[in-house]
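S.K.: Here you go, sequence then predicted model.
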Amino acid sequence: KILIEDQYANYVVQHAIQYGRLEDRNILISYVRKNLVDFSKHKFASNVVEKSLVYGTQDQRNLLIDEIVGGGTSPDPEATNLRLLITDAFANYVIQ
């Protein structure tokens with residue numbers, strides 16, 4: 001989490017997602033998925049989420065998209081992850 005949210009270290013994580021070994025990419029993208037909303041709303045971590053959506057496997061991308069579209073823990077049916085991300089200054093770039 002520290003590296004993903006760091007101003008400079010997030011570039012290392014992005015590079016690992018784009019060019020790293022499959023097993024390392026799997027670990028990183030799985031971690032991104034578990035923290036998707038928080039990372040998407042973070043200035044630097046949102047770039048890592050974007051790389052995960054671009055360079056993940058088709059299955060990983062599907063899981064990330066399902067988390068965005070179908071996720072949400074609020075009892076309010078209007079408070080979906082998608083709605084939260086669309087209105088955030090950084091997360092809206094993830095959605096685009």
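M.R.: Cool, the structure landed.

S.K.: Surely Leu64 and Arg33 touch.
M.R.: Yes. If you go by C-beta atoms under 8 Å, Leu64 and Arg33 touch, sitting 5.7 Å apart. The way it works is simple: take the backbone N, C-alpha and C, and place the C-beta from them, glycine included.

S.K.: show me what contacts the most centrally placed residue in the chain?
M.R.: For the chain, Val49 is the residue whose C-alpha lies nearest the centre (C-alpha atoms, centre = their mean; 2.9 Å). Residues near Val49 by C-beta atoms under 8 Å, 6 or more residues apart in numbering: 32, 36, 39-40, 64, 94.

S.K.: hey, which helix or strand in the protein has the poorest pLDDT?
M.R.: One helix or strand of the chain scores below all others by mean pLDDT, DSSP states H and E: helix 81-86, with a mean of 87.

S.K.: Toward the C-terminus from it, list the very next helix or strand.
M.R.: The helix or strand immediately downstream of helix 81-86 is helix 91-95, counting by DSSP states H and E.

S.K.: Which elements pack onto that following helix?
M.R.: helix 36-40, helix 45-55, helix 81-86 (3 or more C-beta pairs under 8 Å, 6 or more residues apart in numbering; DSSP states H and E).

S.K.: buried residues in it?
M.R.: Using 16 or more other C-beta atoms under 10 Å as the test for burial, helix 91-95 gives 91, 94-95.

S.K.: Nice, that's everything, thank you.
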